[in-house]
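> My questions concern the predicted model and sequence given below.
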Amino acid sequence: MRKIKYLMVLCTVMLSAFSVACSSKDADSEKNDDTTTTTPAVTTVVTTTTENPQTTVTVNNQTTVSDTTAPDVSDSETGETTTVLTTTTSIDKITTTLDSKQTSKTSKTTTKKTTTTKKTTTKATTTKKVTTTTSLKDKLEKKHDIPIINVDTNGKNITSLKDYVDCTVDLFNVDDEYELTDVDAGIRVRGNSSAFYGDVSQILKNQVPYRIKFDTKTNMLGLNDGAKCKSWVLLKAEWNLITNDLALRMGNALFEGQDNFCSDSQLCHVYVNDKFKGIYLLCEQSQINKNRVNINEVAEGYTGTDIGYLIEIDNYAGNDPEEYWFNMTYADNPTLTDIEGTTRKIESSGYTIKNDIYSQKQVDYISKYTNNVYKILYEACVNDNYKTLDSNNNIVNSNFKNAKDTVNAVVDLESIVNMYILDEIVHDYDCGEGSFFMCVDFSANSKCKKLRFTAPWDFNWAYNDEAKNKYWAGAFCKQSFVNQYGDRTNPWYVLLASEDWFMDLVKERWTELNKSKAIRNAIKDEINQIETYKDDLNFVEEWATGSAYNVIYWVYDRLDWLDKVWLS
């Protein structure tokens with residue numbers, strides 16, 4: 001029986017690895033949708049012995065044991081080391097510096113937002129008609145600890161990337177104030193490769209991401225300080241559970257107190273028509289909204305150019321005839337030398353416009369503006385030629401005397417410093433080719449008059465390669481990666497990261513983050529979630545939380561190296 005069990009584990013892991021290896025970058029085809037990518041090729045080895053009846057899983061040369069011990073949480077400033085709980089020890093029985101004592105189970109706590117999940121007290125009985133039957137709800141609540149979303153489509157399959165299927169949504173296994181019962185909505189499949197490019201036969205057989213659109217503005221799980229919005233996203237949690245959740249936690253820590261947007265998130269179990277679909281990450285849609293990307297939304301039918309624009313670097317730009325996009329040449333494809341000393345030519349990219357568009361002149365306007373902003377950065381940083389924009393976004397001479405002031409006049413430096421730090425931490429291979437968002441607002445009452453870098457998203461291609469001794473986001477993609485997947489270098493980062501004044505801003509911000517412990521506290525919150533709900537998070541794969549800890553180990557190594565190069 002033991003041999004049979006391990007063979008079953010082996011098959012499960014190999015199939016999971018094969019699925020990951022066959023995936024590639026996702027993008028959503030609808031305006032105001034985000035994109036999703038998947039991890040490049042994965043090497044997985046499963047080892048068992050009769051002397052040590054544990055299952056050891058090696059993924060990308062990182063090893064996970066089924067009873068993996070949680071990592072030490074080290075404070076680089078004080079030198080304190082906190083032992084986080086192991087799998088075999090109850091979280092209620094050990095005192096740590098993590099805030100593990102909870103009056104009600106709390107699955108997500110960031111430096112900004114708190115989401116309360118399953119209550120420890122008995123909920124009041126209701127006689128209201130519900131989509132999820134009382135008996136099923138009670139059964140699932142006994143089975144799971146993290147929040148549960150059940151979508152009822154009245155038996156209809158969800159297979160379209162374009163068309164929403166009418167449904168009702170139930171959200172339970174949470175405190176009463178966060179429960180949703182029989183709420184009307186629509187649901188569709190989202191993504192590209194993760195949605196098998198719309199192949200219905202594959203969608204019906206596999207876990208795919210979804211977009212939910214409520215009929216009326218609704219909050220889910222208290223995310224984003226309880227903001228009510230119609231559109232929400234369910235991302236597949238993937239094999240290591242926390243790839244996106246951890247990055248979004250750190251993103252929220254970076255954006256704390258700033259007028260910028262990073263999606264809140266929460267791991268959930270998702271059922272469709274009472275059938276289990278998998279562990280998902282509930283996220284916010286990256287879209288123009290006063291509670292999300294806070295710029296002015298264009299009025300229906302308005303053709304003027306004085307509107308808010310949300311744009312995305314998108315390697316799928318132009319594939320959807322219903323989407324508007326433009327070509328970005330990055331100052332006519334110059335040759336740059338990155339922070340690591342590599343010299344290479346910058347390639348053009350397609351930029352998709354995510355807001356509503358009602359005229360070609362709107363497309364031409366944002367294209368001219370974005371291309372000219374990069375030209376100004378290039379001339380200032382490379383040629384010491386200090387230009388600016390006039391009221392029509394033409395490049396004209398300026399009175400600036402240095403590159404920093406020149407760039408600051410057209411770019412929200414605070415936003416790109418924070419985005420760069422996040423992408424440098426996680427080493428996201430996709431940050432220059434997809435899911436990289438910017439916004440600007442030309443309305444009379446604009447609060448975003450300079451190009452702002454916003455809405456970090458899609459980290460399925462992150463946490464790769466060595467964690468130390470190399471810059472990743474600020475450098476060209478390594479050639480072996482380019483040969484296999486194409487050049488996904490971020491030209492904004494490469495240009496600015498080679499500037500001493502820009503790196504001084506990065507180091508200044510990093511020093512602030514080090515003193516506040518914002519990033520490390522975000523990681524501790526992720527560890528708290530894993531430890532509190534370990535059994536439930538391992539519901540699909542018994543090694544899932546072990547794989548999550550591999551990501552955390554990698555990030556801690558990365559932080560230690562960045563401390564060495566960025567702390568004064």
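Noted; the coordinates are in hand. Residues are numbered from 1 along each chain as shown.
> Next, the buried residues of stretch 382-400.
Residues of stretch 382-400 classed as buried by neighbour count (16 or more other CB atoms under 10 Å): Val382, Tyr386, Lys387, Thr388, Leu389, Asn393, Ile395, Ser398, Phe400. Where C-beta positions appear, they are placed from N, C-alpha and C, glycine not excepted.
> What pLDDT does the model give the third one?
For Lys387, the model assigns a pLDDT of 98.
> which residues touch it?
For Lys387, the contacting residues are Lys375, Ile376, Glu379, Ala380, Ile395, Val396, Asn397, Ser398, Thr406, by CB atoms under 8 Å, 6 or more residues apart in numbering.
> where exactly do the helices run in this protein?
All helices of the chain, identified by DSSP state H, fall at 2-21, 134-143, 200-205, 223-226, 243-255, 360-383, 403-408, 413-426, 479-485, 491-497, 500-516, 518-532, 534-537, 544-566.
> how about a markdown table for those, with mean pLDDT and distance to Cys283 added?
Listed next are the helices of the chain as a markdown table, based on pLDDT from 0 to 100; distance: least, CB to CB, whole Å:
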| stretch | mean pLDDT | distance to Cys283 |
| --- | --- | --- |
| helix 2-21 | 40 | 20 |
| helix 134-143 | 90 | 22 |
| helix 200-205 | 93 | 20 |
| helix 223-226 | 97 | 8 |
| helix 243-255 | 98 | 7 |
| helix 360-383 | 98 | 26 |
| helix 403-408 | 98 | 31 |
| helix 413-426 | 98 | 16 |
| helix 479-485 | 92 | 25 |
| helix 491-497 | 98 | 24 |
| helix 500-516 | 98 | 23 |
| helix 518-532 | 98 | 15 |
| helix 534-537 | 97 | 17 |
| helix 544-566 | 97 | 17 |
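> that older thread, let me have the contacts of Lys387 in TSV, extended by distance to Leu281.
Listed next are the contacts of Lys387 as TSV, based on distance: CB to CB, whole Å:
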residue	distance to Leu281
Lys375	38
Ile376	38
Glu379	41
Ala380	39
Ile395	42
Val396	46
Asn397	48
Ser398	44
Thr406	40
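> which of those residues lies closest to Ile288?
Closest approach between the contacts of Lys387 and Ile288, by CB to CB: Ile376, at 25.1 Å.
> and the closest residue in space to Leu223 that isn't next to it in sequence, what are its phi and psi?
Leaving aside its chain neighbours, Leu223 sits nearest to Asp264 (4.0 Å; criterion: CB to CB, 6 or more residues apart in numbering). Main-chain dihedrals, Asp264, degrees, to the nearest 10: phi -80, psi 170.
> Counting neighbours, what do you get for Asp264?
For Asp264, the neighbour count with other CB atoms under 10 Å is 24.
> And it, how far from Asn402?
According to CB to CB, to the nearest Å, Asp264 stands 38 Å off from Asn402.
> hang on, the earlier thing: for the buried residues of stretch 382-400, which two are the farthest from each other?
Val382 and Asn393, at 21.0 Å, using CB to CB across these.
> could you redo the helices of the chain as JSON lines and give each row distance to Met328?
Listed next are the helices of the chain as JSON lines, based on distance: least, CB to CB, whole Å:
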{"stretch": "helix 2-21", "distance to Met328": "30"}
{"stretch": "helix 134-143", "distance to Met328": "47"}
{"stretch": "helix 200-205", "distance to Met328": "32"}
{"stretch": "helix 223-226", "distance to Met328": "30"}
{"stretch": "helix 243-255", "distance to Met328": "24"}
{"stretch": "helix 360-383", "distance to Met328": "6"}
{"stretch": "helix 403-408", "distance to Met328": "17"}
{"stretch": "helix 413-426", "distance to Met328": "16"}
{"stretch": "helix 479-485", "distance to Met328": "19"}
{"stretch": "helix 491-497", "distance to Met328": "8"}
{"stretch": "helix 500-516", "distance to Met328": "20"}
{"stretch": "helix 518-532", "distance to Met328": "31"}
{"stretch": "helix 534-537", "distance to Met328": "40"}
{"stretch": "helix 544-566", "distance to Met328": "29"}
